[in-house]
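> After the sequence you'll find the predicted model.
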Amino acid sequence: MEKTASRINDDLLRPVLETSPRFYLAVVLVGLVAALGFVAWGYQIWNGIGVAGISRPVFWGFYITNFVFWIGISHAGTLISAILRLANAGWRRPVTRCAEAITVFALMIGAMFPLIHLGRPWLAFWLFPYPNERGLWPNFRSPLLWDFFAINTYLLGSFLFLLLPMLPDFALVRDRARGWRQRVYGWLALGWEGTPRQWHRLETAMHIMAVLIIPVAVSVHSIVSFDFAMSPVPMWHSTIFAPYFVAGAIFSGLAALILAMALLRKLLHLEEYLRTEHFSNLGKLLLVMSLLWFYFIFAERLTVWYGNDPAEMAVFRATQSGPYAPLFWVMVFCNFLLPVPLLTIPRLRTIASTVVAALGVVVGMWLERFLIIVPALAHKFLPYSWGTYAPTWVEITITVATFAGMVLLYMLFAKLVPVISVWEWKVGRHPLAEQRAEISPAVAKTVAPEGSA
Amino acid sequence: MSRRWGMVVDLDRCTGCEACVVACRAENNVPTVGETEAARGRAIHWIRIERYWEGEFPNARIRFVPVLCQHCEAAPCEPVCPTYASYHTADGLNAQVYNRCIGTRYCANACPYTVRFFNFFHPVWEKPLHLQLNPEVSVREVGVMEKCTFCVQRIKAAELQAKAEARELRDGDVQPACAQACPADALLFGDLNDPDSRVAQLARSPRGSKLLEEVGTQPKITYLARLSWSGDGEDR
C-alpha cells in the first residue's frame, strides 16, 4: 500500500500544526514537577549543600549518579544516527530524529548536575577557562575540566547533528503553515529551497557530522569514567572503566530511545511509521549491549575477587553481599536477567516486551551508576572512616524533576518539530534510495517541499 | 635549601588522650557542626585518633593511630581540583586555598586517608564562643573544603620571627598545635630536608613506616611502630 507524499505530510506534520487541550494540560503538569526541581535547588543554594544526603566519606551521591546516568542516556542519538547513517541502514530513517533529540536534551540535563552538586554554585564560572585580570586558569589536569570540554563539544556537535536534517522539514512546515508559524519556520529553515546544490551540501555536512560525532561521543563517556578511574579509590581506579562506561551509556541510551519511541507511537498515532521492525531491530541492539554489559561487569568483578586486594574486597563485599546487595541484584535482574530472555526468544520479542526490557534497563543502569559511586566511597582504605549514604527529599525531588524535565523538553520538541524526519522517510520510500546513498537531483525533486501545490 | 615540612608519629607514645584533637580545633577555628550533623558523619576533625580493637576480652587491646593530612608529595587531591584550591606549596605543604574552592568535593573522594572535611552548612560560633576564634586563621564558609595545614600560620610566624632576628629557622622553632599539646611527645614536627633535625632522624628509624604507602602518595608523616607489644597479647 503506497502512501502518497501528501498523506505522509499530513500524518507527520499533524502534531506540529494541531494542538489539543490535553497537550497543554500535560505540559502544565509535567512542567510543575520540573519546576519543583528548581524549587528544591533554590532551597539547597539558600540553606547550603548540607540539605542533601551526602556526608563524609560519601561526598558524591544522587547528583553525580544522575550526572553519569543522563550523560549515558545521551548516547542514544549518536549510535543510532551516526553509526546507522554511515552503515546506510534503511530502517533507521524514522528513528534518527527521536534519538538525536534525546541526545541533546539528556546532555542539557546531565550537564546541570555538576553545577547542582557544587558547594558554592555561584562560583561555578571558575570552572570555565576565561581570561581574567588575575591570570588564573582552571586546572587542566583535573578530569572535571576534561568533562567541561568534552560535554560542551558533544552538546554543540549533537545540536548541529540534530539541526542539520531538520532544515528541509522546517521548510516543509513553512510552506504549509500560515501566520506566525510561517514566519518562525521560515526563519528556522534558513532559506531552504530544496535545490540540488542545497541537497548535496546537506548530505555532505551530515556525513561529516556523522563521522565526527562518533569519536566525540566515545570520548565524552570515557572522560566521565575518568572522573572516577583517575582517583585512587578502591574499585574506581580501574583501566576497564572507560569502555565499560561507554558500553553502559549506549546500553541505557538505547533503552531510553525505545521508551521514547513507544510513547511517541502511542500519543502521536505513528503506528504506521514506528513499526514492529523498528522495535525488533532496536531490541536486538539492546540485547547485544546487555550481553556486553554483563561481560564487562563479569570481567571487572572476577578480576577484583581473584586479585583479593583488601581495600577492593571491602567494596566488593559491600555490593555483592553487604548492605548494597539488594540493589546490586536488582540491577543484575534489570540489566541482564530480564532483557535477555525477552529479546532473545523471537516469539517474546514484541513491542510490549521490548518496552518492558527497556524500562528494566533504564532502572538497572541508574542503579549501576549509583553502585559504582556510593559503595566505593563508603568503603575507602581506612575502615575507621567508613560511612553510609541516604538521599534526602531535596535530592529525590531534583532527580524526579529531571525526568519530568526530559519528558517536558521532549513533548515540546515533538510539538514544534516533526519528530519523524519527513524528507528522510520519503527518501527511504524512493526506489533510487535503495541503490544510492547520496541524493540525486531526481530524488531531490520528489522529496522537495511542495510549495503551494 | 628549601624546606620540606614533615612529621613523625610515635605510636609507642600515643595514649589516645585526644589533647591534639582539642588543640587543633582551638588553634584552627575548626567548626562544631552539632549533634545531628555529627551523627550524619559531618563532624570536622583535622586530626583524629583512630581506635582499632584487637583480640577478645579480657585479652583485648586497643591501637591508637592519630590520623591527619599526610601532606603527600604525590597528593591525589591536588591534580583533581579544577580550580587549584588544593595546591602544593614550595615547602611541601599540601595547602587548601579556601577562596578558590567551589566545593566539587573531588579532592575528598580522591584522598585515601579521608582527612579532608567539607562545610555542609555555614559554620556558627554562638556567642560568646566567637570570642575564642583565632585571628590568625581564616574562618571557612559553607561549601568549602578544609583540612590540616600543619598550622601554616605558625610556620609563617616563625619564619618572620627568624627573619626579624636575622637568623636561620632552627629545628623546633615551629610546632603545630597538635604537637605542642601532646603530653607524651608522640607527635614531632620539623624540616625533613635538614638531615640533623629530630624529625628527619626519627623518620629514618627502622620502626618507621608510612600510612597506606602502597597507594603511592609518598606521605610526609612517618609512623613509628609500637614496640611495647609482643605477639602474644601481653604488654611488655
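Ah, there it is.
> for chain B, what's the longest helix?
When chain B is parsed with DSSP state H, its longest helix is helix B:152-164.
> and it, how far from the chain's centre?
Taking the mean of its C-alpha atoms, helix B:152-164 sits 19 Å from the chain's own mean (CA atoms, centre = their mean, to the nearest Å).
> Could you check the pLDDT of residue 82?
Reading this off chain A. With respect to pLDDT, A:A82 scores 87.
> try chain B instead
Listed pLDDT for B:P82 reads 95.
> Now B:E141: closest residue in space, sequence neighbours ignored.
What sits nearest to B:E141 in space, not counting adjacent residues and going by CB to CB, 6 or more residues apart in numbering or on different chains, is B:H122, at 6.1 Å. Backbone N, C-alpha and C define where each C-beta goes, glycine included.
> Show me the helices in the stretch 351-453 of chain A, by range?
A:351-378, A:393-416, A:422-429, A:431-435, A:441-447 (DSSP state H, counting those that start in this stretch).
> Same question for chain B.
Using DSSP H, helices in chain B cover B:19-28, B:35-39, B:77-80, B:106-110, B:152-164, B:177-181, B:198-203.
> any idea which of these is most buried?
helix B:106-110 (a mean of 25; mean count of other CB atoms under 10 Å in any protein chain shown).
> can you pull the contacts of the spatially most central residue of chain B?
Nearest to the geometric centre of chain B sits B:L68, at 3.3 Å (CA atoms, centre = their mean). Taking CB atoms under 8 Å, 6 or more residues apart in numbering or on different chains, we find B:L68 in contact with B:7, B:24, B:46-48, B:115, B:148, B:178, B:221.
> Those residues also near chain A: which ones?
B:R48 (CB under 8 Å from any CB of the partner chain).
> Need the nearest residue in space to the residue in the stretch 201-350 of chain A that chain B sits nearest to, chain neighbours excluded.
Per CB to the nearest CB, the residue of the stretch 201-350 of chain A with the smallest distance to chain B is A:S231, at 4.1 Å. Excluding its sequence neighbours, the residue lying closest to A:S231 (CB to CB, 6+ apart) is B:A110, at 4.1 Å.
> Quick check: the one you found touching B:P76?
Yes - if you go by CB atoms under 8 Å, B:A110 and B:P76 touch, sitting 4.1 Å apart.
> Mutual contacts of those two, please.
A:231-232.
> for chain A, which helix is longest?
Counting by DSSP H, the longest helix found in chain A is helix A:196-229.
> And the pLDDT at whichever residue of chain B sits closest to chain A?
Distance from chain A to each residue of chain B (CB to the nearest CB) is smallest for B:G103, at 1.8 Å. For B:G103, the model assigns a pLDDT of 95.
> same check, this time on the one 3 residues further on
What the model reports as pLDDT for B:Y106 is 96.
> same deal with the one 10 residues further on?
For B:R116, the model assigns a pLDDT of 96.
> Tell me, how many residues neighbour A:G37?
Neighbour count of A:G37, defined by other CB atoms under 10 Å in any protein chain shown: 22.
> What's the separation between it and A:A390?
20 Å (CB to CB, to the nearest Å).
> try A:F251
Taking CB to CB, one finds A:F251 at 27 Å from A:A390.
> between the two, which one's more packed in?
A:F251 (28 against 12).
> Let me see the contact set for the more buried one.
A:72, A:286, A:289-290, A:292-293, A:335, A:361, A:365.
> give me that answer again for 10 Å
A:F251 makes contacts with A:72, A:75, A:79, A:285-286, A:288-293, A:296, A:335, A:339, A:361-362, A:364-365, A:368, as judged by CB atoms under 10 Å, 6 or more residues apart in numbering or on different chains.
> could you flag which of these are buried?
Buried subset of the contacts of A:F251 (neighbour count, 16 or more other CB atoms under 10 Å in any protein chain shown): A:72, A:75, A:79, A:285-286, A:289-293, A:296, A:335, A:339, A:361-362, A:364-365, A:368.
> Give me the subset of the residues you listed lying in helices.
A:72, A:75, A:285-286, A:289-293, A:296, A:339, A:361-362, A:364-365, A:368.
> that older thread, let's have the contacts of B:L68 in CSV, adding distance to A:M331.
Putting the contacts of B:L68 into CSV (distance: CB to CB, whole Å) gives the following:
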residue, distance to A:M331
B:M7, 44
B:C24, 42
B:W46, 38
B:I47, 39
B:R48, 34
B:V115, 32
B:C148, 38
B:C178, 44
B:I221, 40
